[in-house]
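**Q** Sequence first, predicted coordinates after that:
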Amino acid sequence: MGSEGSPAAVTTVYVTGFKKFHGVAENPTETIVNNLMEYVKKGLPKGLVIGSCNILESAGQGAVVPLYQLLQSAITSKESEASTSNRIIWLHFGVNSGATRFAIERQAVNEATFRCPDEMGWKPQKVQIVPSDGPITRIRQTTLPVEEFTKALASKGYNVMTSDDAGRFVCNYLYYHSLRFTEQNGMKSLFVHVPLFSTIDEETQMQFAASLLEVLASTC
């Protein structure tokens with residue numbers, strides 16, 4: 001009966017990408033995330049909204065404060081809304097310059113071992129990302145159904161895989177913090193690695209991002 005009864009649940013997705021970093025002068029995730037709202041504005045799946053799209057520095061320790069301010073913003077937004085039925089998903093995009101396909105990351109590890117300095121000059125080796133979490137072997141996993149996502153996206157024609165290794169660089173660093181924060185605050189988190197545009201062209205990657213939003217809406 002129309003608007004009577006409880007409001008329909010809405011999934012709000014907050015999206016992040018990265019700026020350039022050593023060896024990657026133009027990060028495809030910066031383009032994807034900056035253009036995503038415009039790209040999908042006429043075709044967002046029912047029951048899904050984009051909360052924000054933000055670009056982060058390709059840095060670990062030096063970018064933690066801005067990251068947590070961003071994560072906290074989702075809680076503030078939810079508390080300001082009349083409905084408490086919203087599901088919140090953090091969707092992080094990062095580039096793997098050596099990849100030939102998309103990768104849905106299942107987990108992050110409590111280890112920072114950077115192969116080169118990040119954009120703020122930090123180059124940790126076998127450092128705990130969150131010391132209070134214990135050893136560098138500690139793993140945090142997303143509670144989202146990554147295998148379902150991968151199968152759904154593959155059925156749409158994308159070259160995509162499920163991955164259990166997000167590396168030990170900035171992508172893994174951000175994902176670990178995000179998984180920890182979202183678990184503690186009733187949200188969910190997902191990290192997706194994309195190739196360079198020279199490997200999979202920009203239009204295909206934009207289509208992939210839009211299709212991923214559709215899969216999130218239908219599965220979650």
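**A** Here it is on my side, so go on.

**Q** If you count neighbours, what's buried in stretch 44-61?
**A** Within stretch 44-61, the residues scored as buried using 16 or more other C-beta atoms under 10 Å are 44, 48, 50-51, 53, 55-60. For glycine as for every other residue, the C-beta is placed from the backbone atoms N, C-alpha and C.

**Q** Least confident secondary structure element in the protein?
**A** Ranking every helix and strand in the chain by mean pLDDT, DSSP states H and E puts helix 64-80 at the bottom, with a mean of 84.

**Q** Quick check: what element follows that one along the chain?
**A** Using DSSP states H and E, the helix or strand that follows helix 64-80 in sequence is strand 87-95.

**Q** Mind exporting the C-alpha coordinates of the least confident helix or strand of the chain to CSV?
**A** What follows is helix 64-80, C-alpha atoms only, in CSV (Å, rounded to 0.1, in the frame of the first residue of the first chain):
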residue,chain,number,x,y,z
VAL,A,64,45.1,7.1,8.6
VAL,A,65,43.5,10.2,10.2
PRO,A,66,41.8,11.3,7.0
LEU,A,67,40.7,7.7,6.4
TYR,A,68,39.1,7.4,9.8
GLN,A,69,37.4,10.8,9.4
LEU,A,70,35.9,9.5,6.2
LEU,A,71,34.8,6.2,7.7
GLN,A,72,33.3,8.1,10.7
SER,A,73,31.3,10.3,8.2
ALA,A,74,29.1,7.3,7.3
ILE,A,75,28.1,6.9,11.0
THR,A,76,27.3,10.6,11.3
SER,A,77,25.2,10.5,8.1
LYS,A,78,23.3,7.5,9.2
GLU,A,79,22.5,9.0,12.6
SER,A,80,21.2,12.1,11.0
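
**Q** in the protein, what spans have low per-residue confidence?
**A** 1-8, 78-85, 220 (pLDDT under 70).

**Q** In contact with the residue nearest the centre of the chain, which residues?
**A** Geometric centre of the chain, nearest residue: residue 92, 1.5 Å, by C-alpha atoms, centre = their mean. Residues in contact with residue 92 (C-beta atoms under 8 Å, 6 or more residues apart in numbering) are 15-17, 171, 174-175, 178, 189-192.

**Q** can you check residue 11 too?
**A** By C-beta under 8 Å, 6+ apart, the contact set of residue 11 is 47-49, 86-89, 216-217, 220.

**Q** Next: residue 177.
**A** Taking C-beta under 8 Å, 6+ apart, we find residue 177 in contact with 64, 67-68, 71, 129-130.
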